[in-house]
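S.K.: Here is the input, now give the coordinates:
(4 chains)
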2 protein chains.
Amino acid sequence: MNAAVLEPRTRKGQHTREAILARAMDIASAEGLEGLTIGSLAEALDMSKSGLFAHFGSKEELQLATVQAARAFFAQEVMVPGLRGRKGLPRLCSVISAWLDYAEKEVFRGGCFFTAVAAEFDSRPGPVKDAVAAAMKEWVDSLARLIREARELGELDRRAPADQLAWEFNSLAMGANSAYQLQRDAVVFTYARRAIRDRLKAFTAPGVRVPL
Amino acid sequence: MNAAVLEPRTRKGQHTREAILARAMDIASAEGLEGLTIGSLAEALDMSKSGLFAHFGSKEELQLATVQAARAFFAQEVMVPGLRGRKGLPRLCSVISAWLDYAEKEVFRGGCFFTAVAAEFDSRPGPVKDAVAAAMKEWVDSLARLIREARELGELDRRAPADQLAWEFNSLAMGANSAYQLQRDAVVFTYARRAIRDRLKAFTAPGVRVPL
DNA sequence: TGACAGCACGAACGATCGTACTATTTTTAA
DNA sequence: TTAAAAATAGTACGATCGTTCGTGCTGTCA
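M.R.: Have a look, this model is predicted:
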């Protein structure tokens, strides 16, 4: 069976599929992609298990589709608003700020979808882990690219290690999301902002303002 | 039934219980505390489901016992070797180093137990989440205490924000563990060490060596 | 030696999991 | 308008989940 090519062929099918994936992202952010159960998902959407199941053909395909949906959602929610900032340091800070806001606003019940799912699948080899790892890498690479842009514009020191910093900022943002979910103390977002700002300041000329 | 007070009354029972929890920590680090199944755990230990079950009385009690065992294990594996460093900055760096080594050596299949379990339970209210949150808080507080000691010895600037830094270092270490599990590239441990070292250097007098 | 406590076992429970089949309704295209 | 196609529902399956129950085994102490 080739379930990977199951795709909706009508507007209605498309609409249903989108509704399913929106709920799936929300549930998975809190319960994980394994805790995301076909029965409970169907019930939450007032449809039958088998009707929902037919959209994907297997649970793994549902999980993969959810990861792709989350990737698109993240781009829409974080990258698009973030990229409105002026190229260079402002844009970098704008993207990071959008990401922290997205975590703090709890757009999903469980906070950031990828933070939850990455931890869940990081030691489960398979297509789902590969998809999650690819999405994370794509995101960190985007951050590194923004850092290099700021460097080329002379706003950051030429020696600023882009990959290192991108990884750091991602770790701090994920850490803020996790700590907030766990302890429910929003001060961690202040910690994260300050940590990133201080780190960036170390690579700017004295007096340059880091807009974060 | 009061399953919480189920405790072994013979040396043999004690021994079995320890063997169960050792396996449980290992499995849960990779599959999570929900993925940790009584059946699979029993099979891995060559015992019957019911025999194993009787040691705890419920799955939640098994999960709680596993968290407590992991707390003790972490103290033994990270805090004890770390505290051998001389009081102050060396001890702080020694503890952080022990923690990064423990993650990199993959003492458990899935890396750090608490990183995995914190992400899994951070949006599942209940006694297990509470236990995990308490353990994490205890650990970050320990780091903050070490930072304050270094500050009081004059090795770190008086303005070094202990809670902020403790949170940062924990985020970076957890981030290194996660990224390593996900991408299997050990360079992230170098990133984490460098990030923490640079951050500490910003609060030391020029020329002071940060032993990390 | 006998009684008893603690440990472990096998069998079975109801519930729920993912999945497979068939039937019915709804949408689309001619 | 009608026939094909797609979407959804209904039902049932084998497997596995956590849990319960009754029963032995084993070592200890009177």
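S.K.: nearest spatial neighbour of A:Gln181, skipping sequence neighbours?
M.R.: Spatial nearest neighbour of A:Gln181, excluding adjacent residues (Cβ to Cβ, 6 or more residues apart in numbering or on different chains): B:Asp122 at 3.6 Å. Placement of C-beta: from N, CA and C, glycine included.
S.K.: That neighbour contacts A:Leu182, doesn't it?
M.R.: Yes - the criterion here is Cβ atoms under 8 Å, and B:Asp122 meets it with A:Leu182 at 4.4 Å.
S.K.: Which helix or strand contains the closest residue to DNA strand D within chain A?
M.R.: As assessed by Cβ to the nearest atom of the strand, DNA strand D sits closest to A:Gly13 within chain A, at 2.2 Å. Applying DSSP states H and E as the criterion places A:Gly13 in helix A:11-35.
S.K.: And the pLDDT for the residue of chain A closest to DNA strand D?
M.R.: Model confidence at A:Gly13, given as pLDDT, is 73.
S.K.: for A:Thr190, same thing?
M.R.: For A:Thr190, the pLDDT comes out at 98.
S.K.: burial of it, as a residue count?
M.R.: Neighbours of A:Thr190 under the rule other Cβ atoms under 10 Å in any protein chain shown: 13.
S.K.: likewise the one 5 residues further on?
M.R.: Neighbouring residues of A:Ala195 were enumerated by other Cβ under 10 Å; the total is 27.
S.K.: Look up how far A:Gly126 lies from A:Arg71.
M.R.: In this view, A:Arg71 and A:Gly126 are 17 Å apart by Cβ to Cβ, to the nearest Å.
S.K.: Who has more neighbours out of the two?
M.R.: Between A:Arg71 and A:Gly126, A:Arg71 has the larger neighbour count (other Cβ under 10 Å), namely 19 against 11.
S.K.: The more buried one: what's it in contact with?
M.R.: Residues in contact with A:Arg71 (Cβ atoms under 8 Å, 6 or more residues apart in numbering or on different chains) are A:Ala135, A:Glu138.
S.K.: Helix or strand: which one has it?
M.R.: Counting by DSSP H and E, the element that carries A:Arg71 is helix A:59-74.
S.K.: Let me know the angle separating that helix from helix A:11-35.
M.R.: Angle of helix A:59-74 versus helix A:11-35, following axes from the mean of the first three to the mean of the last three Cα atoms, to 10 degrees, is 100 degrees.
S.K.: hmm, helix A:59-74 touching DNA strand D?
M.R.: No - remark: helix A:59-74 sits outside contact range of DNA strand D, by Cβ under 7 Å from any atom of the strand, the gap being at least 11.5 Å.
S.K.: Mean confidence (pLDDT) on that helix, please.
M.R.: For helix A:59-74, the mean pLDDT works out to 98.
S.K.: before we move on, back to that, who's in contact with whichever helix or strand comes after the helix holding A:Gly13?
M.R.: Using DSSP H and E, the helix or strand that follows helix A:11-35 in sequence is helix A:38-44. With contact meaning Cβ under 8 Å, 6+ apart, helix A:38-44 is reached by A:Ile20, A:Arg23, A:Ala24, A:Ile27, A:Ser48, A:Lys49, A:Gly51, A:Leu52, A:Phe53, A:Lys59, A:Leu62.
S.K.: which one among the residues you listed gets closest to B:Leu172?
M.R.: B:Leu172 lies nearest to A:Ile27 out of the contacts of helix A:38-44, by Cβ to Cβ, at 29.8 Å.
S.K.: residue contacts, the residue nearest to the closest one when sequence neighbours are not counted?
M.R.: Leaving aside its chain neighbours, A:Ile27 sits nearest to A:Leu36 (5.0 Å; criterion: Cβ to Cβ, 6+ apart). If you count contacts by Cβ under 8 Å, 6+ apart, A:Leu36 has them with A:Ala24, A:Ile27, A:Ala28, A:Leu62, A:Gln63, A:Thr66.
S.K.: The fourth one reaches A:Ile27, doesn't it?
M.R.: Okay, so that is A:Leu62. No - contact criterion Cβ under 8 Å: A:Leu62 and A:Ile27 do not qualify, at 11.1 Å.
S.K.: Flag the shaky bits of chain A, pLDDT-wise.
M.R.: Across chain A, residues meeting the criterion (pLDDT under 70) sit at A:1-6, A:8.
S.K.: Next, the buried residues of stretch A:130-138.
M.R.: By neighbour count on 16 or more other Cβ atoms under 10 Å in any protein chain shown, the buried set for stretch A:130-138 is A:Ala131, A:Val132, A:Ala133, A:Ala135, A:Met136.
S.K.: Same list (those residues) but as JSON lines, adding secondary structure and distance to chain B.
M.R.: Converted to JSON lines, the buried residues of stretch A:130-138 look like this (DSSP: H, G, I helix; E, B strand; the rest coil; distance: Cβ to the nearest Cβ, whole Å):
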{"residue": "A:Ala131", "secondary structure": "helix", "distance to chain B": "11"}
{"residue": "A:Val132", "secondary structure": "helix", "distance to chain B": "7"}
{"residue": "A:Ala133", "secondary structure": "helix", "distance to chain B": "5"}
{"residue": "A:Ala135", "secondary structure": "helix", "distance to chain B": "10"}
{"residue": "A:Met136", "secondary structure": "helix", "distance to chain B": "6"}
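S.K.: and of those, the nearest to DNA strand C?
M.R.: So of those, ranked by how close each gets to DNA strand C (Cβ to the nearest atom of the strand), first place is A:Ala131, at 16.5 Å.
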